[in-house]
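Fold the following.
(2 chains)
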Amino acid sequence: NAGVTQTPKFQVLKTGQSMTLQCAQDMNHNSMYWYRQDPGMGLRLIYYSASEGTTDKGEVPNGYNVSRLNKREFSLRLESAAPSQTSVYFCASTRGQGTRDSRTDTQYFGPGTRLTVL
Amino acid sequence: GDSVTQMEGPVTLSEEAFLTINCTYTATGYPSLFWYVQYPGEGLQLLLKATKADDKGSNKGFEATYRKETTSFHLEKGSVQVSDSAVYFCALYSSASKIIFGSGTRLSIRP
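Residues are numbered from 1 along each chain as shown, chains lettered A, B, ... in the order given. Down below sits the predicted model:
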């Protein structure tokens, strides 16, 4: 099992450019998440998907869109990149569907994408 | 809303020293509590968890006890190694069915 994979690992964009971050998991998990990690701020949830076909906003959704393409894949799109979106982006997945039954679930993280917007 | 507060770093210790990283939380009900660890250049991985009051999670020599009366989940290890150098995140599963992370504590161990 590869677990959670993310592409690309590194990316440099100019302000206003667009790009899509890809994430896939091979653990048959129901829920998937996108976080951004900034120095001194821990992880902040951008969007999540509790099951195939559903997506919900997290703490910092502005400037991002997501697509749950199928059960395995969850992509994050930046339509018009801004320097404030310079960050490390992590995808994660959990077995449960975001209900109270998921309260003990372990989150499995990908290796991250380091994005710089100039 | 639910939140997690953990001690600011960086924390620098000598090898074989005793480690404590403090974590307190605010939440409704009885959240599950977690410690995740992030090694350089990697994503987070679960270190240990506890799902109800007085539970003790343990893994790789690390321990944390779920203290409902003090709303705390402090991470401890009796004798740290250089390989424990990493960033440690305290987290809880909130009433809104999402995991909330603390800001992280960077730990450096000197040989």
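
Name the residues of chain B found near chain A, please.
Within reach of chain A by CB under 8 Å from any CB of the partner chain, chain B has these residues: B:31-32, B:34, B:36, B:41-46, B:49, B:51, B:89, B:93, B:97-99, B:101-104. For the C-beta atoms, the positions are set from N, CA and C on the backbone; glycine is no exception.

Show me just the buried residues among those residues.
Among those, those classed as buried by 16 or more other CB atoms under 10 Å in any protein chain shown are B:31-32, B:34, B:36, B:43-44, B:46, B:49, B:89, B:93, B:97-99, B:101-104.

Filter those down to the ones in strands?
B:F34, B:Y36, B:L44, B:L46, B:K49, B:F89, B:Y93, B:I99, B:F101 (DSSP state E).

For chain A, which residues are neighbours of chain B?
A:4, A:40-43, A:45, A:48, A:50, A:58, A:90, A:92, A:98-100, A:102-112.

okay, which residue is most central for chain A?
A:W34 (2.2 Å; CA atoms, centre = their mean).

just to revisit the earlier point, show me which of the residues of chain A next to chain B are buried.
For the residues of chain A next to chain B, buried by 16+ other CB under 10 Å: A:4, A:42-43, A:45, A:48, A:50, A:58, A:90, A:92, A:98, A:102-103, A:105, A:107-112.

Poorly predicted segments of chain B, please.
Across chain B, the ranges flagged by pLDDT under 70 are B:97.

Return the nearest residue of it with respect to chain A.
B:G43 (3.3 Å; CB to the nearest CB).

so what's the closest residue to that residue other than its chain neighbours up against?
Nearest non-adjacent residue to B:G43, counting by CB to CB, 6 or more residues apart in numbering or on different chains: A:F109, 3.3 Å away. Taking CB atoms under 8 Å, 6 or more residues apart in numbering or on different chains, we find A:F109 in contact with A:V4, A:F90, A:C91, A:A92, B:G43, B:L44, B:Q45.

which of the residues you listed sit farthest apart?
A:C91 and B:Q45 (13.8 Å; CB to CB).

Let me see the ranges of the helices in chain B.
Using DSSP state H, no helices are found in chain B.

In contact with A:Q85, which residues?
Contacts of A:Q85 by CB under 8 Å, 6+ apart are A:R36, A:G63, A:L78, A:L115, A:V117.

Just give me the neighbour total for the third one.
The one in question is A:L78. 20 (other CB atoms under 10 Å in any protein chain shown).

Can you name the residues bridging to B:R106?
Beta-bridge partners for B:R106, by DSSP bridges, are B:V87.

got a list of what it touches?
Taking CB under 8 Å, 6+ apart as the test, what B:R106 contacts is B:G9, B:P10, B:V11, B:A86, B:V87.

Now, of those, which are buried?
The neighbour count (16+ other CB under 10 Å) marks B:G9, B:V11, B:A86, B:V87 as buried among the contacts of B:R106.

and which of those is nearest to B:S108?
After measuring these against B:S108 - CB to CB - the closest member comes out as B:V11, at 7.2 Å.
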